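Chemist: Turn this into a model:
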Amino acid sequence: MFYKDERLALFIDGSNLYAAAKALGFDIDYKLLRQEFMRRGKMLRAFYYTALLENDEYSPIRPLVDWLHYNGFTMVTKPAKEYTDSMGRRKVKGNMDIELTVDAMELAPRVDHIVLFSGDGDFRPLVASLQRQGVRVSVVSTIRSQPPMISDELRRQADNFIELEELRDVIGRPPREVPTERNVAVAAGK
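Modeler: Numbering: from 1, shown residues only. Reported below is the predicted structural model:
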């Protein structure tokens, strides 16, 4: 439930929202997402959190980060850490939970409603704290993927759970097709 006169802020856990949308088979159109929530209330801020691989010459997420930055989103990034696990596999670590939590706590006195785009159960204590401060919290994720992308504890704690699948027609677009040799040949008429 949203009220037109309430002050609203969006907190988007970028990697979590990406994984949830991918599990449901669509991409997020962030321009439409921002418009949808501006329609629902007086949006003060839309934060987007992601870790970036800085040592790569080209990061596939860089164009999105730049676009969001120029189109009304407050970008919060940090360098991702690369390491090799015990099995010799290359892993990337870039958790943004603390940054998101600190920003939400700082903004809480100035908003009526926070929309958290994440299913990460680590955010349950944050949601409880925000609620104790009088802030309503809606959580956007999905239970329709296998496995569900939202922790049961977070879903129970939230004032409102918004199923991402139900926003598909409002904020979604078909996934971008990755160019393959066959696709390029078909497009070229070969």
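Chemist: got the residue ranges for the strands in this protein?
Modeler: 7-13, 27-28, 42-52, 74-79, 81-84, 90-93, 113-117, 136-141, 160-163, 172-173 (DSSP state E).
Chemist: and among those strands, the most buried is which?
Modeler: Comparing the strands of the chain by mean neighbour count (mean count of other C-beta atoms under 10 Å), strand 113-117 ranks first with a mean of 26. C-beta coordinates here come from the backbone N, C-alpha and C atoms, glycine included.
Chemist: Parallel or antiparallel, list what pairs with that strand.
Modeler: If you go by DSSP bridges, strand 113-117 pairs up with strand 7-13 (parallel), strand 136-141 (parallel).
Chemist: Now the shortest one - C-alpha only, CSV.
Modeler: Provided in CSV are the C-alpha atoms of strand 136-141 (Å, rounded to 0.1, in the frame of the first residue of the first chain):
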residue,chain,number,x,y,z
ARG,A,136,7.0,1.6,6.6
VAL,A,137,9.1,-0.9,4.6
SER,A,138,8.0,-2.6,1.4
VAL,A,139,10.3,-5.4,0.0
VAL,A,140,10.5,-6.2,-3.7
SER,A,141,11.7,-9.7,-4.6
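Chemist: Please work out the average pLDDT along that strand.
Modeler: Strand 136-141 shows a mean pLDDT of 98.
Chemist: on that earlier part again, take the strands paired with strand 113-117 and write them to JSON lines, including distance to Val92.
Modeler: Formatted as JSON lines, the strands paired with strand 113-117 follow (distance: least, C-beta to C-beta, whole Å):
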{"stretch": "strand 7-13", "distance to Val92": "16"}
{"stretch": "strand 136-141", "distance to Val92": "22"}
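Chemist: For Asp27, which of the ones you listed is the nearest?
Modeler: Nearest to Asp27 among the strands paired with strand 113-117 is strand 7-13 (14.0 Å), distances taken as C-beta to C-beta.
Chemist: before we move on, back to that, the strands paired with strand 113-117: which one's closest to Lys78?
Modeler: That would be strand 7-13 among these, by C-beta to C-beta, at 13.4 Å.
Chemist: so which of the strands paired with strand 113-117 gets nearest Ser86?
Modeler: Ser86 lies closest to strand 7-13 among the strands paired with strand 113-117, at 27.0 Å (C-beta to C-beta).
Chemist: ok and that closest one relative to strand 74-79, angle-wise?
Modeler: Strand 7-13 and strand 74-79 are oriented at 20 degrees to each other (axes from the mean of the first three to the mean of the last three C-alpha atoms, to 10 degrees).
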